[in-house]
Structures are given as C-alpha cells and as structure tokens.
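[1] following is a predicted model, sequence given first.
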Amino acid sequence: VLPPLDMLALLLAALGHDVEHQGFNNTFLINSRNTLALRYNDLSVLENHHASVTCTILEDKITRALGEAASHFRRVVVTAILGTDMAKHRDSLEWLATRSIGQEQLDTEATLHLCSVILHTADLGHPTLPWAMHKRLSVQCSEEFFMQYKEEEQLGLPSLPFMGKDPKNLVGLAASQVGFIKFVVLPLWSALDTALEDVECVSKAVKKIGENRDCWQQIEDSGEVPPDG
C-alpha cells in the first residue's frame with residue numbers, strides 16, 4: 001500500500017516523534033507560556049518541535065541524498081509526526097471510518113493520511129503489548145502525568161484530575177486506564193483493523209487491547225492485580 005520511500009519516512013518519523021520531549025504536554029506548555037508554545041503559536045507545540053528537530057537531524061544524513069524526492073519525504077515525516085497530536089484524534093477516527101484500504105496504490109493525500117494515522121495508532125500502542133509490559137508502561141506514563149500535576153499545582157495552573165492519580169496505586173489508576181482504553185485506544189485500533197483488509201497483526205493487537213482492558217477492569221472491581229505471566 002505504501003511506497004518504499006513513504007515507509008522509510010514513516011519509520012524515521014516514528015523514531016523521532018518524541019525527540020526532546022520535556023515530560024509535559026501541550027496544555028502545560030501553553031498555560032505556562034513556554035518558549036516552544038510561543039514559537040509555535042500554541043498549535044501542536046510538541047509535535048511541531050519533534051518534527052522540526054527530526055527533519056533537522058535528517059537533513060544532512062538523508063534528505064539531501066534524495067534529490068527531487070526530498071520534498072515529499074520531508075512532507076511524510078512532518079505530517080506523520082504532527083498527526084500524533086491527541087487534538088487530531090477525532091480526525092484520524094473520522095478518516096478511517098471512510099476508508100477501505102486494500103493492496104491498491106493510494107494517491108498522495110491518502111498516503112499522507114494513512115502515515116499520520118498509523119503513527120498516531122502506534123503512539124497509542126502499549127495496550128497491545130503483553131499485560132506485564134503494558135502495566136509497566138502505564139505506570140511510567142502515570143508517573144509523568146503525576147509530575148506535571150504537581151508542577152501545575154505549584155504554579156497555580158489548571159490541571160486534570162486523572163493526572164493526579166498516584167502511580168504507585170494500581171487500584172486508583174484502574175478506572176482511568178479502563179476509560180482510556182475503552183474510549184480512546186480501542187476505537188482507534190478497531191477502526192484501523194476495519195479499514196485494513198486481512199492484516200492479522202492488527203486484529204491480534206485489537207484482541208490484546210481488550211484483554212488488557214479486562215485486566216484493569218478486574219483491578220477496579222476487585223482490587224486484585226492479575227499476574228504478570
């Protein structure tokens with residue numbers, strides 16, 4: 001479906017999509033009037049920065065060697081990274097809902113959309129992993145959220161309740177994890193599974209997401225943490 005150059009651009013975009021991340025989300029950077037928010041006019045602040053740094057790194061090493069193809073290559077990298085902004089999540093879902101993607105060659109705009117959606121979906125990919133790995137990554141994400149929550153409290157900035165959950169308390173985290181998977185992760189992966197034809201690994205990922213959701217639901221309901229095995 002994707003041309004080789006686009007696949008290369010997508011893989012490199014994946015490597016660079018969080019480069020120089022500071023551990024705070026766009027909302028914090030905007031509310032604290034961070035220099036990045038001022039530079040990018042409050043629009044996809046982190047994603048614009050990640051794309052800029054990634055393309056700067058690639059400029060000497062890859063982009064100049066591509067000749068006339070360099071412009072399209074860079075466009076794929078930038079579009080894919082900008083698509084990881086959660087503010088564009090609904091756009092990704094709506095685009096997938098209108099698509100049935102087989103083996104036919106896509107036009108340029110459809111290719112760009114697909115690259116953007118694939119990287120956004122992969123960015124929400126840790127619920128597709130085995131329970132032990134998913135649980136560990138969920139806790140690490142919660143630690144980052146909790147750090148931002150405390151910083152927001154100290155600075156008198158607005159904060160969201162789910163970011164104030166103690167990452168050491170899995171029972172306290174469970175409800176927000178169930179909601180995150182149920183309303184964000186699973187609909188996106190399911191939409192990608194429906195849009196793609198006969199891609200077994202995506203179907204298996206959707207199944208694993210449901211299993212991990214059930215694990216968090218068990219913790220919420222009973223307080224018992226499923227074994228890592």
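    Everything's here; your move. Treat the numbers as computed from the prediction; the structure is a model and nothing was measured.
[2] now for residue 99: which residues touch it?
    110, 195 (C-beta atoms under 8 Å, 6 or more residues apart in numbering). Where C-beta positions appear, they are placed from N, C-alpha and C, glycine not excepted.
[3] assign a three-state SS to it, would you?
    coil (DSSP: H, G, I helix; E, B strand; the rest coil).
[4] what pLDDT does it get?
    Residue 99 carries a pLDDT score of 89 in this model.
[5] residue 106 and residue 2, how far apart?
    8 Å (C-beta to C-beta, to the nearest Å).
[6] select the longest helix from the chain.
    Longest helix in the chain, counting residues (DSSP state H): helix 131-155.
[7] residues contacting that one, please?
    Residues outside helix 131-155 that contact it (C-beta under 8 Å, 6+ apart): 23-25, 28, 31-32, 126-129, 157-160, 162-167, 170, 173, 177, 211-212, 215, 226, 228-229.
[8] just the mean pLDDT for that helix, thanks.
    Per-residue scores along helix 131-155 average to 97.
[9] again, but for stretch 45-64
    92.
[10] please identify the buried residues of it?
    Of the residues in stretch 45-64, 45-52, 54-55, 58, 62-63 count as buried by neighbour count, 16 or more other C-beta atoms under 10 Å.
[11] how near is the residue nearest to residue 81 when sequence neighbours are not counted to residue 219?
    Leaving aside its sequence neighbours, residue 81 sits nearest to residue 51 (C-beta to C-beta, 6 or more residues apart in numbering; 4.1 Å). When C-beta to C-beta is applied, the distance between residue 51 and residue 219 equals 37 Å.
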